[in-house]
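Student: My questions concern the predicted model and sequence given below.
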Amino acid sequence: MRTENVTIPMRDGVMGAHIAWPDKTPAGAIIAIMEIWGVNDTMRRHAQEFAEAGFICLVPDLFWRQEPGVELYDRNPDDVRKAFDLYYDFDYDLGVRDMEDTMAYLRKIAGGNGKVGSVGYCLGGKLCYMMCCRTDIDCAVAYYGTYIEHNIREAPSLHRPFMLHMAMKDRWVQAEVNDLLERRLSPNPLVTIHKYPEADHAFARHGGRTWREAEANEALAHSVDFFKKHL
């Protein structure tokens, strides 16, 4: 496995990204969409995990319009404040468009069958849901997607295989919201939901305050199997 930092041409600028390459290419490609903390050690670790499973994994700098190259951590109070400021200024519609440009870039460099999936965490989880509703992404996995319910009206348009990892003790996704998501999404045969009864938000964030190793490993195994099936 090797890693590098690259720049991706967008419709209205240039976005930075981190890529982890598997030992063998061509390979299926995955966009790993960050939480609110930027392209940090956690996201580089996720990229490594998927590269070790045999996929090209690209982590885009989602906040490139607001502050390119931002790298934040949940244990630093100043970082927490800054991350939430960036998050609430983030434009989801532009984010989906940026991910379409990222898909086009990955399809050019990956070779193989041209398939691209995505995996997202928190903010990135919601973007994965929106991409399955609006774009030609081949499949997507959402970890504890935050505020998916604000776009639940798009659920009838979900037309790509979608996996959702639900933390059942999530501070940011209330039990009633998880119930709503399951009720509205599970009838779709393209949707798979995995529940983690004792997990809090960000249970897969390596080194984070709420990281849970067993649940993180279980979710990663489900995600890798899902990508092997669809990519």
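Tutor: Structure's in. What do you need? Numbers count the residues shown, from 1 in each chain.

Student: make it CA atoms for all contacts and neighbour counts henceforth
Tutor: OK.

Student: Looks to me like K24 is in a helix.
Tutor: No - counting by DSSP: H, G, I helix; E, B strand; the rest coil, K24 is located in no helix; its state is coil.

Student: Quickly note the distance from it to G112.
Tutor: 11 Å (C-alpha to C-alpha, to the nearest Å).

Student: what are the ranges of the helices in the protein?
Tutor: For the chain, applying DSSP state H gives helices covering 41-52, 77-89, 92-110, 123-134, 175-185, 213-230.

Student: averaged over its residues, what pLDDT does the third one have?
Tutor: In this model, helix 92-110 has a mean pLDDT of 96.

Student: What lies in contact with it?
Tutor: Helix 92-110 has contacts (C-alpha atoms under 8 Å, 6 or more residues apart in numbering) with 8-11, 25-29, 31, 56, 60, 62, 114-116, 127, 130-131, 135, 137.

Student: make it 6 Å
Tutor: 10, 26, 114 (C-alpha atoms under 6 Å, 6 or more residues apart in numbering).

Student: Looking at the residues you listed, which is nearest E4?
Tutor: For the contacts of helix 92-110, the residue nearest E4 by C-alpha to C-alpha is P26; the value is 16.7 Å.

Student: My guess is that closest one contacts K115. True?
Tutor: No - counting by C-alpha atoms under 6 Å, P26 does not reach K115; the two are 10.9 Å apart.

Student: on that earlier part again, what's the lowest-pLDDT member of the contacts of helix 92-110?
Tutor: Lowest confidence among the contacts of helix 92-110: P26, with 86.

Student: Around that residue, how many other residues sit close by?
Tutor: Using other C-alpha atoms under 10 Å, P26 is surrounded by 17 other residues.

Student: what about it, distance to P68?
Tutor: P26 is 29 Å from P68, by C-alpha to C-alpha.

Student: Between the two ends of stretch 200-209, how far is it?
Tutor: Termini of stretch 200-209 sit 10 Å apart (C-alpha to C-alpha).

Student: In that stretch, which of the residues would be classed as buried?
Tutor: 200-206 (16 or more other C-alpha atoms under 10 Å).

Student: Check stretch 91-103 too.
Tutor: Buried, per 16+ other C-alpha under 10 Å, within stretch 91-103: 95-100, 102-103.

Student: The residues you listed into a markdown table, with extra columns for distance to R153?
Tutor: Converted to a markdown table, these look like this (distance: C-alpha to C-alpha, whole Å):
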| residue | distance to R153 |
| --- | --- |
| G95 | 19 |
| V96 | 17 |
| R97 | 19 |
| D98 | 22 |
| M99 | 21 |
| E100 | 21 |
| T102 | 25 |
| M103 | 25 |
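
Student: Would you mind listing the two of these that lie farthest apart?
Tutor: G95 and M103 (12.3 Å).

Student: quick one: contacts for the residue nearest to the spatial centre of the chain?
Tutor: In the chain, the centroid-proximal residue (C-alpha atoms, centre = their mean) is G120; its distance is 1.1 Å. Counting by C-alpha under 6 Å, 6+ apart, G120 touches 32-33, 128, 142.
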